[in-house]
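Asker: model the structure of this input:
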Amino acid sequence: MLPSGFETPRVVMRPIQGSDADAIFQTWAQDPDITRFLIWKPHCSIEDTRSYLAHCVAEPPEASRTYALIDRKHGDLLGSFRVRRVAHMRLECGYLLAKNFWGKGLMTEVLTAVIDWASEQADVKSFGAVCDVDNLASARVMTKVGLACHGILPNWIVHPNLSDAPRDCLNFGVQFHPNGRLIGE
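Answerer: Here you go, the predicted model:
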């Protein structure tokens, strides 16, 4: 089972919920800069956001969970973070952050907390993520938290805000030692 939440010094992560629709629509779902490297186009209406949230909430929490990132101090919605089981003993993640919170180290803080939790789970042996080859900010975050770049996955995924054709992605990951330490640190 994926946890019901995480906490870092500046962020509270809780499961995303339908009542987040208005804030998500206004904060990032319709912003082309934020959705540039995502696998979905900017939302045109609040109904698009409600549909997205219904999908997130319906996913079984043992397989996938999307979290709302909430600023601990002011209660602002900062972004979202999804963790999912993709294979036996492997987790992957995806994330986004509202533009006015870029460059403050928040996603590095959040990703570190999730990796730390994952490294302590007996049923998790590896953790990873991919990002578009042009998404240098996300690649920097993953490198900072200790994920190794394992190379390029050619024609891996469609990022519809960039192209209708599958694009190359950078493949990041880490394996965990049986006592919870990262292998290769």
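Asker: mind jotting down where the helices sit in this protein?
Answerer: Using DSSP state H, the helices of the chain run over 21-24, 46-58, 106-119, 136-144.
Asker: which helices and strands does the second one pack with?
Answerer: With contacts defined as 3 or more C-beta pairs under 8 Å, 6 or more residues apart in numbering; DSSP states H and E, the packing partners of helix 46-58 are helix 21-24. All C-beta spots, glycine's among them, are computed from the backbone N, C-alpha and C.
Asker: got the CA positions of stretch 138-148 in PDB?
Answerer: What follows is stretch 138-148, C-alpha atoms only, in PDB (Å, rounded to 0.1, in the frame of the first residue of the first chain):
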ATOM      1  CA  SER A 138      13.400  17.900 -14.000                       C
ATOM      2  CA  ALA A 139      16.600  16.100 -15.000                       C
ATOM      3  CA  ARG A 140      18.500  18.400 -12.500                       C
ATOM      4  CA  VAL A 141      16.100  17.600  -9.700                       C
ATOM      5  CA  MET A 142      16.500  13.800 -10.300                       C
ATOM      6  CA  THR A 143      20.300  14.100 -10.400                       C
ATOM      7  CA  LYS A 144      20.300  16.100  -7.100                       C
ATOM      8  CA  VAL A 145      18.400  13.500  -5.200                       C
ATOM      9  CA  GLY A 146      20.700  10.700  -6.300                       C
ATOM     10  CA  LEU A 147      18.900   9.100  -9.200                       C
ATOM     11  CA  ALA A 148      21.400   8.000 -11.900                       C
END
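Asker: if we can go back for a sec, could the helices of the chain go into JSON lines alongside mean neighbour count and mean pLDDT?
Answerer: As requested, the helices of the chain are exported to JSON lines (neighbours: other C-beta atoms under 10 Å; pLDDT from 0 to 100):
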{"stretch": "helix 21-24", "mean neighbour count": "18", "mean pLDDT": "97"}
{"stretch": "helix 46-58", "mean neighbour count": "15", "mean pLDDT": "96"}
{"stretch": "helix 106-119", "mean neighbour count": "20", "mean pLDDT": "96"}
{"stretch": "helix 136-144", "mean neighbour count": "17", "mean pLDDT": "97"}
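Asker: can I get those helices in JSON lines with distance to Val86?
Answerer: Shown next, in JSON lines, are these (distance: least, C-beta to C-beta, whole Å):
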{"stretch": "helix 21-24", "distance to Val86": "24"}
{"stretch": "helix 46-58", "distance to Val86": "16"}
{"stretch": "helix 106-119", "distance to Val86": "13"}
{"stretch": "helix 136-144", "distance to Val86": "16"}
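Asker: of the ones you listed, give the one that comes closest to Trp156.
Answerer: helix 136-144 (14.1 Å; C-beta to C-beta).
Asker: so how far is the closest one from its chain's centroid?
Answerer: 12 Å (C-alpha atoms, centre = their mean, to the nearest Å).
Asker: so which elements touch that helix?
Answerer: helix 106-119, strand 126-132, strand 148-158, strand 166-175.
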